[in-house]
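1. structure here, sequence nowhere to be found:
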């Protein structure tokens, strides 16, 4: 059964719509949980079948890797089992950004592993505990092993991730946008990393921004933004925002 929590009766968000005969599904931070993604995909397909619109778009808001047990499985699913009949848009999160940087620069290694990269390494058969004595050599060892074990298709996927996407009156980004900067002029660093400056802003961004990155127990509806990171790896609740016409539904696992 679908779990629908909110509809467009929520008055907090400014009026917005997606293009005609289109439904857009924005999927929040997955963090190495392919089982939750598979369940949510099923609910999206059921919801889309009930609507019967011609154009179906799935926008994944980033943070596919880290923290959960199977980052590799998530990327495999996104590559090999996309939603049939959907246009898929994959955005970059700060965790993919850190993973990509580690592939070429070991300096980010301690920070990346400190916020979940160790679990990503394990999912690719690289054990962070099997380090040589010297840390610098150890990070290089881990980097070499990850480069070796990372399938070419996975690296290509990571390197092809978009920074943002627009549909009608909505703008999608992993973390958010910098207030006072036009959407077309946003810096990549802000789109994937920004937090308080964006979250605390009450000004209009020109479009309603749909984002993940900042965990809340429930989807967060504000006049200028909608946050849908419900901490799936910790709560078991992976959230999807469905948008069609001026309507909004929230679908969730759990």
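-> Yep, that arrived. Just so it is clear, the model here is predicted, and its values are computed rather than measured.
2. C-alpha from now on. contacts and neighbour counts both.
-> OK.
3. buried ones in the helix or strand of the chain at the bottom of the mean pLDDT ranking?
-> None of the helices or strands of the chain scores lower by mean pLDDT, DSSP states H and E than helix 135-149, at a mean of 87. Across helix 135-149, burial judged by 16 or more other CA atoms under 10 Å covers 138-143, 145-146.
4. now stretch 101-109
-> Going by 16+ other CA under 10 Å, stretch 101-109 has these buried residues: 102-103, 106, 108-109.
5. end-to-end on it?
-> 9 Å (CA to CA, to the nearest Å).
6. so how far is that stretch off the chain centroid?
-> 21 Å (CA atoms, centre = their mean, to the nearest Å).
7. now swap in stretch 27-44 and tell me
-> 10 Å.
8. same check, this time on stretch 67-80
-> Stretch 67-80 sits 12 Å away from the centroid of its parent chain (CA atoms, centre = their mean).
9. now stretch 240-253
-> 16 Å.
10. try stretch 109-128
-> 19 Å.
11. then stretch 175-182?
-> 18 Å.
12. can you tell me which of the buried residues of stretch 101-109 is nearest residue 202?
-> residue 108 (33.6 Å; CA to CA).
13. how near is the closest one to residue 140?
-> Taken as CA to CA, the span from residue 108 to residue 140 is 11 Å.
14. repeat that for residue 130.
-> The gap separating residue 130 from residue 140 is 12 Å, by CA to CA.
15. still on that earlier bit, elements contacting the helix or strand following the least confident helix or strand of the chain?
-> Going down the chain from helix 135-149, the next helix or strand is helix 152-159, by DSSP states H and E. Contact analysis of helix 152-159 by 3 or more CA pairs under 8 Å, 6 or more residues apart in numbering; DSSP states H and E lists helix 71-80, helix 94-102 as its packing neighbours.
16. would you mind finding the most buried of these?
-> helix 94-102 (a mean of 20; mean count of other CA atoms under 10 Å).
17. residue 171 contacts residue 207, correct?
-> Yes - with contact defined as CA atoms under 8 Å, residue 171 reaches residue 207; the gap is 5.9 Å.
18. how about the strands of this structure, start to end?
-> 22-27, 55-60, 87-90, 164-167, 170-173, 208-211, 220-221, 225-227, 239-244, 247-252 (DSSP state E).
19. re the thing from before, which among the buried residues of helix 135-149 gets closest to residue 74?
-> Nearest to residue 74, judged by CA to CA, of the buried residues of helix 135-149 is residue 146 at 16.6 Å.
20. residue 247: which of the helices and strands packed on helix 152-159 is closest?
-> helix 71-80 (26.4 Å).
21. what's that closest one in contact with?
-> 30-34, 37, 64-65, 119-120, 123-124, 154, 157 (CA atoms under 8 Å, 6 or more residues apart in numbering).
22. same question, stretch 111-120
-> With CA under 8 Å, 6+ apart, stretch 111-120 has contacts from 32, 65-72, 95, 98-99, 102, 127-128.
23. and if we set it to 7 Å?
-> Identification of contacts with stretch 111-120 by CA atoms under 7 Å, 6 or more residues apart in numbering yields 65-69, 71, 98, 128.
24. isn't residue 218 right up against residue 231?
-> No - in this structure residue 218 lies outside contact range of residue 231 using CA atoms under 7 Å: 9.4 Å.
25. alright, I will stop here.
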